[in-house]
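Asks: please work out how this folds:
(chains A and B)
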Amino acid sequence: DAGITQSPRHKVTETGTPVTLRCHQTENHRYMYWYRQDPGHGLRLIHYSYGVKDTDKGEVSDGYSVSRSKTEDFLLTLESATSSQTSVYFCAILEGSEQFFGPGTRLTVL
Amino acid sequence: GESVGLHLPTLSVQEGDNSIINCAYSNSASDYFIWYKQESGKGPQFIIDIRSNMDKRQGQRVTVLLNKTVKHLSLQIAATQPGDSAVYFCAEISGGSYIPTFGRGTSLIVHP
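Replies: Residues are numbered from 1 along each chain as shown, chains lettered A, B, ... in the order given. Take a look at the predicted model:
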């Protein structure tokens, strides 16, 4: 699993509340990614990071922000959660040319 | 676990059969392709990759074929087992980026 953990694994929240998801890796990988996965859409990139304090947007970045103040942690924040952000969120790292994914976080926004 | 199988193409096979999962890609500049397997409740897992200067690559029980003329990728699984039941995704990468573009996936169901 390339030492990737995600927390929390499950969360239920209400519309309008802020939510932060954490991705933690233990192997000093430079590239980290946040994806969301929804039925019929496959994996869609939200944001990615190519180093500490270096981040960029993916194809579905609206409504999300990220931060990477340490190599090992990549945080995804929903400033004001909406029902359309109900999804399964996966973090990934890049090792060589291969991505390794975390176990996922199921987020439900009521 | 997390449900990702809804609305996906599905391939049903009998245990022991060979399976072929197909993927069409759109970017003719893509130069690297990857197949992932995702079991229920887990994140995607790398299976095999192929570069655009190849048309075939074999792994253990899996073979990937690349046809650049028609922009088509396939994953062949020999002697399919119940443990192969999962969703399979292809992904393409172009131009030296580290950002794969994923396909929607195919759900493989193996009947004992």
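Asks: I'd like to know how far whichever residue of chain A sits closest to chain B sits from A:Tyr33.
Replies: Going by CB to the nearest CB, chain B is nearest to A:Phe101 of chain A, at 3.2 Å. For every residue, glycine as well, the C-beta is placed using N, CA and C. Separation of A:Phe101 from A:Tyr33 (CB to CB, to the nearest Å) stands at 9 Å.
Asks: same thing with B:Asn22?
Replies: Applying CB to CB to B:Asn22 and A:Tyr33 gives a distance of 26 Å.
Asks: one more: A:Gly96?
Replies: On the measure of CB to CB, A:Gly96 and A:Tyr33 end up 15 Å apart.
Asks: so between the two, which is more surrounded?
Replies: Applying other CB atoms under 10 Å in any protein chain shown to A:Gly96 and A:Tyr33 shows that A:Tyr33 carries more neighbours, namely 26 against 6.
Asks: in what helix or strand does B:Leu65 lie?
Replies: According to DSSP states H and E, B:Leu65 maps onto strand B:62-67.
Asks: mean confidence score for that strand?
Replies: Computed over strand B:62-67, the mean pLDDT rounds to 96.
Asks: ok, now stretch A:6-15?
Replies: Per-residue scores along stretch A:6-15 average to 97.
Asks: wait, does the lowest-mean-pLDDT helix or strand in chain B contact chain A?
Replies: Sorting the helices and strands of chain B by mean pLDDT, DSSP states H and E puts strand B:101-102 at the bottom, at a mean of 89. Yes: judged by CB under 8 Å from any CB of the partner chain, strand B:101-102 comes into contact with chain A at B:Phe102.
Asks: elements contacting the very next helix or strand once past that strand?
Replies: Note on strand B:101-102: by DSSP H and E, the next helix or strand toward the C-terminus is strand B:106-111. Applying 3 or more CB pairs under 8 Å, 6 or more residues apart in numbering or on different chains; DSSP states H and E, one finds that strand B:106-111 contacts strand B:10-14, strand B:19-24, strand B:86-94.
Asks: what residue, apart from its backbone neighbours, is nearest B:Ile109 spatially?
Replies: B:Ser12 (4.6 Å; CB to CB, 6 or more residues apart in numbering or on different chains).
Asks: doesn't B:His111 make contact with the one you found?
Replies: Yes: using CB atoms under 8 Å, B:Ser12 is in contact with B:His111, at 6.6 Å.
Asks: where does the chain dip in pLDDT?
Replies: Just going to use chain A. Within chain A, the segments meeting pLDDT under 70 span A:1-2.
Asks: oops, I was thinking of chain B
Replies: In chain B, residues with pLDDT under 70: B:1-7.
Asks: which residue of chain B sits farthest from its center?
Replies: Distance to the chain centre peaks in chain B at B:Pro112, reaching 21.6 Å (criterion: CA atoms, centre = their mean).
Asks: thank you kindly, that will do.
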